[in-house]
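# sequence plus predicted model, see below.
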Number of protein chains: 2
Amino acid sequence: MSKEKQLALGIDIGGTNTAIGVVDEAGNVLIKKSIETPKHGDAARYVASMAETIRELIHDVKQLNSDINVLGIGIGAPNANYYTGNIEHAPNLSFKGVVPLVNMLKTEFPELSHIALTNDANAAAMGEMIYGGAKGMKDFVMYTLGTGVGSGIIVNGDLVYGFNGFAGECGHTMLVPGGRACGCGINGHLESYCSAGGIKRTAFELLAYYNATDSELANKSFNELTAKDVCIAAQNGDKIALEVFERTGDYLARGMADTIHHTAPEAIFLFGGPTAAGEILFEPIRRNLDKYLLPTFKGTVKIVPSQLKLGDAAIVGASALVWKEAEKN
Amino acid sequence: MSKEKQLALGIDIGGTNTAIGVVDEAGNVLIKKSIETPKHGDAARYVASMAETIRELIHDVKQLNSDINVLGIGIGAPNANYYTGNIEHAPNLSFKGVVPLVNMLKTEFPELSHIALTNDANAAAMGEMIYGGAKGMKDFVMYTLGTGVGSGIIVNGDLVYGFNGFAGECGHTMLVPGGRACGCGINGHLESYCSAGGIKRTAFELLAYYNATDSELANKSFNELTAKDVCIAAQNGDKIALEVFERTGDYLARGMADTIHHTAPEAIFLFGGPTAAGEILFEPIRRNLDKYLLPTFKGTVKIVPSQLKLGDAAIVGASALVWKEAEKN
């Protein structure tokens, strides 16, 4: 048995920045750096600069403790396909077509046995299982609330990727047939009601409906108001803001019921900015959930906040892929 | 290597009858018998009579070919829990509470290594994978259309049971918020639109809407009309009946899109009486599906009829559990 300390690299590719960190088995980020996600669309140059940063980080971490072993690299990215290791036609990245990121990194780091890629929400779910509140759970779901609503579904202790590698799009299940315009072009999806933007849209609907000139939310334009403003107003007892969270909780409960009727998870974890509202968000979800569930499921599913730290979660989640790959091989 | 012929027993427990058959590895039912599903609620007597029939069948099949090996027993039943091997609080069976069916059969047949139980739709999905159109598929879904709408979800080559053993209730996902009364007590579920009864209900809604006195369907009472009548009328070109299937196809497409966005299957198989309508049902599902799907999924999922024979499917599906259990051990 080696007494080396096992470490994993986690990479979070966002539209603007790419964060790269070295993570230990407990999910602590020991050291991290950030590079720009390029606007130039040149994948080869981007991967070269990524590789350089990775080598610097490995060098730096070995200064702290020479007896370490870097097991692999896990990457969370938009439009990532786990099966192929490619980023495919990502609308928010500058790379056109298909970027074979895993193969490109394998060429740079032939000594690393585990290099894997998945989308951000899947990485968050894996992070929750390896380091967070889902330790020991074999069936659970992660909803990530942000610009969109992402999800990662764990069945039998592993991520559901599906036939084409893109399973787990709970944000694009139908919540209100013929309802709000969703960014994907289809009306009525959960994401258009429960993302950060969806929360703002509910606030504007309610201001209009109640003609609520006295609400804290009535003094900001549509482009100024944020979900965070709604959260703060709700914490101040603003009636409109509280009703926004009441409705958001009910919307999420209805969407979660459909997820529960599909895969029967032990828990659904919520991650992302809007979860800062705490019980103002969680209480109405839990209170409304049972009315949408078959008797078999009532009261059986925990609805809980993610235990990943907001700042490091994307890196930590991505790094979790490495431990899972190591377990498989 | 033994040259014995491997066989499995399949048992289908229905509200009225229990069908028991001996099935070979190709999915042929070699011999079968039926006993009454008791109204007396006495599980011990029922299992004793089931065991007697199983012994008769094994005896009879050995008369045909002495060189056989019965591997195990697979059972499909309502409210069946795969994990515990129990039938739990089944509203359509006379047994109260929890019946530990697998343990009771293990006591009767200690020599059989594989005795497993699941619900009917899961058994159908397993049958499709082992013997039917899903051979070689690792990610697919089965929808069964009948009195209700059941479903079985296969991920990574195995059934999704979920945390409590009851996953795969696509019939009880929300299709029309605040819509039709569903048998489960929650309004608007897919089942209330797409089961055999749902098809009849759509026919009555359309008769009323169009005041369609000249439709073939206008001469039968609500209690007389069946989904089969609607199917025959559609095949005769009856406009109301054709619109019923147009709408049913659209409803199913919407429900299936939610399923696809969860688990990204390669195919969705449809099983049950209403599938006899053939392309009258399948064409509108396929035509409508893409409008509910994210670009990544458009045109990628096959919507196809089950290849299990309607008469024997329940026995054959249940028997498929045995081969799967044998593979696991």
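Arrived safely, thanks for sending. Numbering: from 1, shown residues only, chains lettered A, B, ... in the order given.

# quick one: whatever residue of the stretch 101-250 of chain A ends up closest to chain B from A:D290, how far?
Closest residue of the stretch 101-250 of chain A to chain B, CB to the nearest CB: A:G162 (2.3 Å). Every residue, glycine included, has its C-beta placed from N, CA and C. To A:D290, A:G162 is 29 Å away according to CB to CB, to the nearest Å.

# could you do A:A326 as well?
For A:A326, the distance to A:D290 equals 40 Å [CB to CB].

# and A:H89, by the same measure?
40 Å.

# what is the burial count for the residue of the stretch 101-250 of chain A closest to chain B?
By other CB atoms under 10 Å in any protein chain shown, 28 other residues sit near A:G162.

# same thing with the one 3 residues further on?
The criterion is other CB under 10 Å. On that basis, A:G165 has 20 neighbouring residues.

# please apply the same query to A:N236.
Applying other CB under 10 Å, we find 10 residues neighbouring A:N236.

# now it. Nearest residue, chain neighbours left out?
A:E216 (6.5 Å; CB to CB, 6 or more residues apart in numbering or on different chains).

# surely that neighbour meets A:V244?
No. Using CB atoms under 8 Å as the test, A:E216 is too far from A:V244 to be in contact (11.4 Å).

# so which of these two has more stuff around it?
Ranked by neighbour count (other CB under 10 Å), A:E216 and A:V244 place A:V244 first, with 30 against 18.

# helix or strand: which one has A:I35?
Assigned by DSSP states H and E, A:I35 belongs to strand A:29-36.

# quick one: buried residues of the helix or strand just after that strand?
Later in the chain than strand A:29-36, the nearest helix or strand by DSSP H and E is helix A:43-64. For helix A:43-64, a neighbour-count test (16 or more other CB atoms under 10 Å in any protein chain shown) marks A:43, A:46-47, A:50-51, A:53-54, A:57-58, A:61 as buried.

# out of these, which is nearest to chain B?
Closest to chain B, out of all of the buried residues of helix A:43-64 and judged by CB to the nearest CB, is A:A43, at 20.3 Å.

# could you find the closest non-adjacent residue to the closest one?
Of all residues not flanking A:A43 in the chain, A:V99 sits nearest, at 4.7 Å (CB to CB, 6+ apart).

# dump the residue contacts of the one you found.
A:43, A:86-88 (CB atoms under 8 Å, 6 or more residues apart in numbering or on different chains).

# what is the burial count for the nearest residue to A:G162 once chain neighbours are set aside?
Closest residue to A:G162 apart from its sequence neighbours, by CB to CB, 6+ apart: B:A264 at 2.3 Å. The tally of other residues near B:A264 (other CB under 10 Å) stands at 25.

# likewise for A:R180?
Neighbours of A:R180 using other CB under 10 Å come to 16.

# elements contacting the host helix or strand of A:G21?
Per DSSP H and E, A:G21 falls inside strand A:17-24. Strand A:17-24 is packed against strand A:5-13, strand A:29-36, helix A:43-64, helix A:313-328, with contacts defined by 3 or more CB pairs under 8 Å, 6 or more residues apart in numbering or on different chains; DSSP states H and E.

# partner strands of the first one, with direction?
Within its sheet, strand A:5-13 is paired with strand A:17-24 (antiparallel), strand A:68-76 (parallel), according to DSSP bridges.

# residue closest to the middle of chain A?
A:A121 (3.2 Å; CA atoms, centre = their mean).

# check the spacing between that one and A:I186 real quick.
Counting by CB to CB, the gap from A:A121 to A:I186 is 19 Å.

# same question for A:S319.
34 Å.

# which of these two has more neighbours?
Applying other CB under 10 Å to A:S319 and A:I186 shows that A:S319 carries more neighbours, namely 34 against 18.

# thought the more buried one was touching A:A26?
No. Between A:S319 and A:A26 there is no contact under CB under 8 Å: 11.2 Å.

# do stretch A:304-322 and chain B meet?
No. Contact check for stretch A:304-322 against chain B, using CB under 8 Å from any CB of the partner chain: none in range, with a minimum separation of 14.0 Å.

# span of that stretch from start to end?
End-to-end distance for stretch A:304-322, by CA to CA, to the nearest Å: 25 Å.

# pull out the buried positions in that stretch.
Buried residues in stretch A:304-322 (16+ other CB under 10 Å): A:304-308, A:312-322.

# show me the contacts for A:G146.
Contacts of A:G146 by CB under 8 Å, 6+ apart are A:195-196, A:272-273.

# repeat that for A:S113.
A:71-72, A:326, A:329.

# quick one, grab the pLDDT at it.
Looking at A:S113, its pLDDT reads 90.

# can you tell me how far it sits from A:E325?
Relative to A:E325, and taking CB to CB, A:S113 is found at 8 Å.

# which residues do the two both contact?
Joint contacts of A:S113 and A:E325 (CB under 8 Å, 6+ apart) are A:G72.

# returning to what we had before: so among the contacts of A:S113, where is pLDDT lowest?
In this model, the minimum pLDDT among the contacts of A:S113 belongs to A:N329 (75).

# run a quick neighbour tally on that one.
Applying other CB under 10 Å, I find that A:N329 has 6 neighbouring residues.

# who touches stretch A:56-65?
By CB under 8 Å, 6+ apart, stretch A:56-65 touches A:5, A:7, A:9, A:20-22, A:30-33, A:68, A:70.

# mind listing the helices for the stretch 51-200 of chain A?
Along the stretch 51-200 of chain A, the stretches classed as helices by DSSP state H, counting those that start in this stretch are A:101-108, A:120-130, A:191-194, A:196-210.

# need the winner for burial among these.
helix A:120-130 (a mean of 29; mean count of other CB atoms under 10 Å in any protein chain shown).

# now the angle from that one to helix A:313-328?
If you take axes from the mean of the first three to the mean of the last three CA atoms, to 10 degrees, helix A:120-130 sits at 60 degrees to helix A:313-328.

# is chain B within reach of helix A:120-130?
No. Figure legend: helix A:120-130 not in contact with chain B (CB under 8 Å from any CB); closest approach 11.8 Å.

# what about stretch A:246-261 and chain B, touching?
Yes. Residues of stretch A:246-261 contacting chain B under CB under 8 Å from any CB: A:254, A:257-259, A:261.

# still on that earlier bit, ok, the residue nearest to the centre of chain A - contacts?
Counting by CB under 8 Å, 6+ apart, A:A121 touches A:142-144, A:150-152, A:168.

# 10 Å instead?
A:76, A:78, A:141-144, A:146, A:148-153, A:159, A:168-171, A:271-272, A:317 (CB atoms under 10 Å, 6 or more residues apart in numbering or on different chains).

# could you do A:G299 as well?
Contacts of A:G299 by CB under 10 Å, 6+ apart are A:286, A:289-290, A:293.

# mind doing that once more with 7 Å?
With contacts defined as CB atoms under 7 Å, 6 or more residues apart in numbering or on different chains, the neighbours of A:G299 are A:D290.
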